[in-house]
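Colleague: predicted model and sequence follow; I will ask about them next.
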Amino acid sequence: MSGINTIRSVTDSPPDIPETSVRHMLFYTLYNFILILAILLLSPLWLLWMVFVPKIRVGFGEKLGLLSSPFQEQLKQTPQQNRIWIHTVSVGELNAAKPLIQALLHKHYPVMLSTTTATGNELAHKTFPDLPILFFPFDLPWIIAKILKALQPSVIVILETEIWPNLLFQATQQKTPVLLFNGRLSKGSFAGYSRFKPFFKWVLNHFTKLMMQSHLDAKRMIELGVNESKVAVGGNLKFDLASPEETPLLAELKQLFQFPKNAPVIAFASTHKGEEELFIELFQALRLDFPDLKAILAPRHPERNKGVSAMLTGQGLHFLPRSQITQDFPCPKEANIILLDTIGELNTIFSLSTLACMGGTFVDWGGHNPLEPINASIPVVFGPSMENFKEITERVLEAHAGFQVQTLAEAEQVIRELLTRPEDYDHIVRNGQKLMTENRGVTETVVSCIQEVLRENPLAGVSHG
């Protein structure tokens, strides 16, 4: 498999339980003391935040360990042997985990899912309605103990780099393996963890295996003191996006949007505060030379849709929210912009678009995944802020599969060239497909790793009392 190192078998050297000395217990006690103290001190502000920001209230009970009746009913239907608990933070991590979850379900493994954000949770329920899905609990000892007792996982799988000391400590005490996949450690995070290296060395060694995205990520983990036998370079699950196909949703959107046959369409994807105005300015400049141009504007956070809608109305633009486009009310031809205010449709939107301009890249956010539009066979343009996708950005640029620009003026120039030079457009698309093909296959590696662990511990975490 090109670009991915062969990983050391997890059974070559059984994962040791980190030594829990008096010093380590002091670390653990101090962590919980600071955590509880912070909660007590900040609780008035937290309560005010919950009052004025509705999304904070979503799933709050589950975060406290209060499992809903529907979740408990689904859990009862989940076989106890080989239970796999997969944690993804939000939409991006869930999209990356989707092929993995589907592969595990295909092999008849019982899977449970957790997410941190409300949008991630909503998409998880929409994508996997038959699975037990919960909000990730607060990392407090009594809450974690309650959740572990309820879920009784045979293995816990964490995507990206989520480090929760109570979860790691208690799972290890119960001899439940915890695996980290798609791990990454940014320069800033590495510097922060290094300031408390003795603590993080002890915490991180509670992972059974850490499969990092790149050699640099793996090197940083080892420099933090993680046992080298636990660390491997496993590549990036984000390359394993399913190939687009003519789905019922795609056919439906084509019919509803009624775009003219040869009209170019730009997807302004995962935009953040301050970017919508910039992208609309870019869109209007392009329409001077491309009057048939259409745009699909997709804010990253749904709660911002109302404000974005007000901005579009204030500028006198012809737009329509996606939620208002139905069989009885298809998109009128004079609507030049569609505001994507639904969850879980963005990847399908890419398949309807001519090219994508990624949000979170022209403000100081750190970017979003450029592989999603590339996977849909369209060119992608993104701005200077791509810190969260550093390795992917490097691969995209090396493969000439996308464009990084520093300003909106540069973005406008690139888009004009793509829309007027079909041979250049096709060349970029071919490069993107080659990039995706050469880096697929990480899911197989991850599934194999999970299977090895399960063969050793099929009933890990199961209560026999």
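Modeller: Sure thing, it's come through. Numbering: from 1, shown residues only.
Colleague: strands along the stretch 251-400 of the chain, start to end?
Modeller: Secondary structure of the stretch 251-400 of the chain (DSSP state E, counting those that start in this stretch): strands at 265-271, 294-299, 319-321, 337-339, 355-358, 380-382.
Colleague: the fourth one packs against which elements?
Modeller: Read it as strand 337-339. strand 294-299, helix 305-314, strand 319-321 (3 or more CB pairs under 8 Å, 6 or more residues apart in numbering; DSSP states H and E). Where C-beta positions appear, they are placed from N, C-alpha and C, glycine not excepted.
Colleague: please work out the average pLDDT along the second one.
Modeller: Within the predicted structure, the mean pLDDT of helix 305-314 is 96.
Colleague: using CSV, write out every CA atom in that helix.
Modeller: Extracted C-alpha coordinates of helix 305-314, given in CSV (Å, rounded to 0.1, in the frame of the first residue of the first chain):
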residue,chain,number,x,y,z
ASN,A,305,-27.5,30.3,9.1
LYS,A,306,-29.9,33.0,10.3
GLY,A,307,-27.2,35.7,10.4
VAL,A,308,-25.9,34.6,7.0
SER,A,309,-29.4,34.7,5.6
ALA,A,310,-29.8,38.3,6.9
MET,A,311,-26.5,39.3,5.3
LEU,A,312,-27.6,38.0,1.9
THR,A,313,-30.9,39.7,2.2
GLY,A,314,-29.2,42.9,3.2
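Colleague: any buried residues in that helix, and which?
Modeller: In terms of neighbour count (16 or more other CB atoms under 10 Å), helix 305-314 has its buried residues at Asn305, Val308, Ser309, Leu312.
Colleague: where's Thr443 relative to Pro373, distance?
Modeller: Distance of Thr443 to Pro373, computed by CB to CB, to the nearest Å: 20 Å.
Colleague: typo on my end, Phe52
Modeller: According to CB to CB, Phe52 stands 35 Å off from Pro373.
Colleague: so these two - more neighbours on which side?
Modeller: Between Phe52 and Pro373, Pro373 has the larger neighbour count (other CB atoms under 10 Å), namely 27 against 7.
Colleague: return the residues in contact with the more buried one.
Modeller: Ala267, Ala269, Phe350, Ser353, Leu355, Ala356, Met358, Pro379, Val380 (CB atoms under 8 Å, 6 or more residues apart in numbering).
Colleague: any quick PyMOL command for the buried ones out of these?
Modeller: Here is the PyMOL command that selects the buried residues among the contacts of Pro373 (16+ other CB under 10 Å):
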select buried, resi 267+269+350+353+355+356+358+379+380
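Colleague: nearest to Leu408 among the contacts of Pro373?
Modeller: Among these, Met358 lies closest to Leu408 (CB to CB), at 12.7 Å.
Colleague: surely that closest one and Ile378 touch.
Modeller: No - counting by CB atoms under 8 Å, Ile378 is not a contact partner of Met358; they are 11.6 Å apart.
Colleague: after the lowest-mean-pLDDT helix or strand in the chain, which helix or strand is next? Please name it.
Modeller: Least confident element among the helices and strands of the chain, by mean pLDDT, DSSP states H and E: helix 54-57 (a mean of 81). As assigned by DSSP states H and E, the chain's next helix or strand after helix 54-57 is helix 60-63.
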